[in-house]
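Enquirer: using only what follows, build the 3D model:
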Amino acid sequence: MDVSYILDNLNDEQRKAVTSEKQHLMVLAGAGSGKTRVLVHKVAWEVEALQKNPAAIMAVTFTNKAAAEMRSRIEELLQSPAMDLWLEPSTG
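Expert: As a prediction, the model looks like this:
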C-alpha cells in the first residue's frame, strides 16, 4: 500500500515526527510552524501505514473548534470518516 501521500508536503522535521516510532510524542514549536499538520499526518500515518485501530489513538487539543478542525483534516487525508478516533479538547 502506497502511503507516501501522507508524507507529501511535509518538511524534514515534520516528516521525522510523523514517522517516529515512539509511543508518546510531544510536538513543541512556534505559532504557524505546522504542529497541527504534524498531528493530523501522524494520526493518518498510524492508521494507514502502521494499521493501528483508530479507536486506539487519542489526540488532545485545547478547544472544541481545534478538535473539530483536526478531525475534519484527518478525515480528508484518509478519505473516510474517523468515527472511532478519540480527538478531544483538554479540560485542564
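
Enquirer: all the strands of the chain, residue numbers only.
Expert: For the chain, the strands defined by DSSP state E cover 58-61, 86-89.

Enquirer: ok, which of these comes nearest residue 71?
Expert: Closest to residue 71 of the strands of the chain is strand 86-89 (Cβ to Cβ; 5.1 Å). C-betas here are computed from N, CA, C, even on glycine.

Enquirer: neighbours of the closest residue to residue 47 other than its chain neighbours, how many?
Expert: Spatial nearest neighbour of residue 47, excluding adjacent residues (Cβ to Cβ, 6 or more residues apart in numbering): residue 54 at 5.6 Å. Using other Cβ atoms under 10 Å, residue 54 is surrounded by 18 other residues.

Enquirer: quick one, what contacts residue 54?
Expert: 43, 47, 82-85 (Cβ atoms under 8 Å, 6 or more residues apart in numbering).

Enquirer: and if we set it to 7 Å?
Expert: Shown in contact with residue 54 (Cβ atoms under 7 Å, 6 or more residues apart in numbering): 47, 82, 84-85.

Enquirer: least reliable of the strands of the chain going by mean pLDDT?
Expert: Sorting the strands of the chain by mean pLDDT places strand 86-89 lowest, at a mean of 68.

Enquirer: can I get the strands of the chain in CSV including distance to residue 25?
Expert: What follows is those, written out as CSV (distance: least, Cβ to Cβ, whole Å):
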stretch, distance to residue 25
strand 58-61, 11
strand 86-89, 15
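
Enquirer: low pLDDT regions in this protein?
Expert: The chain contains residues with pLDDT under 70 at 83, 88-92.

Enquirer: list the residues that contact the residue positioned nearest the centre of the chain.
Expert: Note on the chain: the residue nearest the mean C-alpha position is residue 40, at 2.5 Å, using Cα atoms, centre = their mean. Residue 40 makes contacts with 70, 73-74, 77, as judged by Cβ under 7 Å, 6+ apart.

Enquirer: many thanks, I have nothing further to ask.
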